[in-house]
Every structure is written in structure tokens, then in C-alpha cells.
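1. Got a sequence here, can you model it:
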Amino acid sequence: MTSLLVFSDLDGTLLDHHTYSFASALPALQTLKTFAIPCVLNTSKTFAELASLRKQLNHQDPFIVENGSAVYIPKHLSLYVDEALEDCGDYWLKSFGPKRDALIKLTNDQQTTYNFKRYSDMTWQELVSITGLEEENAKQSMQREFTEPMIWHDSNIALTAFRKYLADFDIQIQKGGRFAHLMGKYCDKANAMLWLKQVYEAQGDENMTTMALGDGENDVGMLSKADIPVVIRSPVHAPPEVPNRSDAWLTDAYGPEGWTQAINLALSKQGIL
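-> Numbering: from 1, shown residues only. Down below sits the predicted model:
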């Protein structure tokens with residue numbers, strides 16, 4: 001068993017930005033399974049969204065939801081964790097921040113000061129028109145547990161002021177591909193990745209090599225903390241810069257095609273392929 005541990009964003013990375021297809025990534029996903037390399041989904045998506053997507057992918061590894069707000073560990077993996085976790089049926093849950101209701105309550109009186117629209121202010125029909133999601137997927141996306149996405153209609157200056165206001169309550173705003181996400185201060189894709197890396201290393205594999213793949217601003221923290229940071233080229237925005245990481249890879253192809261290229265290159269460099 002190799003010591004490589006893969007963390008992957010979904011939208012625009014493993015999933016095509018426009019079609020949400022992952023077809024071109026399936027061969028590389030199968031290769032990871034063949035070599036027993038965990039592929040941890042690290043996404044802004046919800047548990048409800050991932051329940052159906054993981055079935056389509058035949059995904060058996062842990063997954064991180066809502067931009068690093070929580071880690072779900074399938075119980076069948078028998079990963080030992082030296083702290084109390086929440087029992088969620090087939091999964092153990094590690095959460096890093098407050099529940100969604102607290103975020104909604106905190107920002108209710110700010111809509112007269114700043115111009116934004118939250119998920120909780122939208123119907124599923126509005127979300128479909130914004131994202132192109134199918135009805136069922138849109139409804140699953142609205143089943144948030146730890147974050148509240150919003151469309152930011154105001155200026156960057158106003159966003160800075162809003163962030164400063166929220167910081168006093170240990171709440172942050174992370175910008176993704178389409179939405180800005182209200183979330184707890186310690187909810188972060190990087191924090192969740194590093195926590196899960198420690199879990200795997202505690203099983204006896206002391207020096208795991210982390211590979212992270214993402215395409216958006218909300219992936220930068222995860223990319224900056226990974227041993228192998230991979231920026232997936234996007235058809236709709238410029239590649240995000242990863243501070244102090246001149247070794248970050250930038251794929252030639254977009255989305256899942258670029259993802260596959262990067263996985264195959266990493267496995268080759270690791271001497272696995």
C-alpha cells in the first residue's frame with residue numbers, strides 16, 4: 001500500500017464545470033482504487049448531494065463537506081480516531097464549526113447594510129436557474145448543515161467590511177466558483193485535510209504524501225498545505241494563485257480531463273505507474 005493520499009475538489013475539478021460529468025476521470029479513479037490509494041472528496045457540496053454522487057462514483061473513502069466544515073468517515077473503513085466523534089449511522093462525523101441556523105440568524109439584520117442573497121432566501125427554482133442543476137440536485141444542495149452560501153451583489157470594499165464584522169463572531173466568508181460561503185472561522189478545506197491526514201498517519205503510515213486538486217479560490221488553502229498542489233484549469237476563470245508555492249502544478253486540460261492527467265503524472269512520479 002502506498003503512502004499517497006489524494007484530496008479532490010468536485011465542481012470544476014473532478015466534475016466538469018458546465019455538465020457536472022466525471023466520465024473522463026473514471027479510469028484514473030479506478031487506478032487509485034487498484035492501488036488502494038484513498039481519494040477524499042473535499043468539496044463545498046452537502047452530505048445530501050454526496051450521498052447520491054458517491055454511489056455513482058462507487059466512492060468508499062472519507063469525504064469532507066461544505067468547504068471543510070465537517071469530515072464523514074465511513075465506519076466500514078475501521079479508521080481509529082483518538083477523539084470523540086458524532087455517530088451518524090454509517091459514518092463517524094467530525095465537525096469544525098457552528099450549525100447553519102446560527103449563521104442565518106447572525107446575518108439576518110445585515111441585508112439592509114449589504115447587498116447579498118443567501119440560499120435560505122432562495123427557492124430551489126431560483127437555484128436551478130443560477131447553477132443549471134437538476135431539481136433533485138438543487139434541493140440536495142439546499143440541505144446545508146454547517147454553511148450558508150450566498151450570492152454577493154455588493155462591492156469588494158463592502159465584502160471586506162462584512163468580513164470584518166463577521167470576524168468578531170468567529171465567522172468567515174470563503175469565495176467559491178459561484179457563491180460566497182458563510183462558515184465558521186475554523187471551517188477550512190486545509191484544516192480538514194490536515195486533520196484527516198493525521199488520522200491516516202495514526203494508523204501506522206507515518207509519512208503520508210498529500211496531493212490536493214482544485215480550481216477555485218476556496219481551494220487555495222488546501223492546495224497551499226498539500227505536498228503536491230494541483231491547480232485544475234477552468235474554462236470560466238483564471239487559475240487561482242497558490243501563495244509561496246512555486247511548485248504548484250497547473251493542468252493543460254480543463255476539469256476532469258486535467259484531473260486525470262495530474263493523477264497519472266503523480267502516480268508516475270511516485271513510481272506507482
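2. from here on, contacts and neighbour counts on C-alpha atoms
-> Noted.
3. and Asp154, what does it touch?
-> Residues in contact with Asp154 (C-alpha atoms under 8 Å, 6 or more residues apart in numbering) are 114-116.
4. actually Val231, not the one I typed
-> Val231 makes contacts with 213-215, 223, 239-240, 248-251, as judged by C-alpha under 8 Å, 6+ apart.
5. My reading is that it lies in a strand. Confirm?
-> Yes. Counting by DSSP: H, G, I helix; E, B strand; the rest coil, Val231 is located in a strand.
6. Excluding sequence neighbours, find me the nearest residue to it.
-> In space, and not counting its chain neighbours, Val231 is closest to Leu250: 4.8 Å by C-alpha to C-alpha, 6 or more residues apart in numbering.
7. Could you report the neighbour count for the one you found?
-> 18 (other C-alpha atoms under 10 Å).
8. Return the members of the contacts of Val231 classed as buried.
-> For the contacts of Val231, a burial check counting by 16 or more other C-alpha atoms under 10 Å picks out 213-215, 223, 239-240, 248, 250-251.
9. Distance to Pro27 and pLDDT added to these, as JSON lines?
-> Below are the buried ones among the contacts of Val231 laid out as JSON lines (distance: C-alpha to C-alpha, whole Å; pLDDT from 0 to 100):
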{"residue": "Leu213", "distance to Pro27": "17", "pLDDT": "98"}
{"residue": "Gly214", "distance to Pro27": "19", "pLDDT": "97"}
{"residue": "Asp215", "distance to Pro27": "20", "pLDDT": "96"}
{"residue": "Leu223", "distance to Pro27": "23", "pLDDT": "98"}
{"residue": "Pro239", "distance to Pro27": "25", "pLDDT": "95"}
{"residue": "Pro240", "distance to Pro27": "27", "pLDDT": "94"}
{"residue": "Ala248", "distance to Pro27": "24", "pLDDT": "97"}
{"residue": "Leu250", "distance to Pro27": "20", "pLDDT": "97"}
{"residue": "Thr251", "distance to Pro27": "17", "pLDDT": "97"}
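10. Just the ones in helices from those residues, please.
-> Using DSSP state H to define helices, the subset of these located there is Leu223.
11. Would you reformat the buried ones among the contacts of Val231 as JSON lines and include distance to Trp259?
-> JSON lines is the format used below for the buried ones among the contacts of Val231 (distance: C-alpha to C-alpha, whole Å):
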{"residue": "Leu213", "distance to Trp259": "7"}
{"residue": "Gly214", "distance to Trp259": "9"}
{"residue": "Asp215", "distance to Trp259": "10"}
{"residue": "Leu223", "distance to Trp259": "14"}
{"residue": "Pro239", "distance to Trp259": "14"}
{"residue": "Pro240", "distance to Trp259": "16"}
{"residue": "Ala248", "distance to Trp259": "14"}
{"residue": "Leu250", "distance to Trp259": "10"}
{"residue": "Thr251", "distance to Trp259": "8"}
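12. Cool, thanks, talk later.
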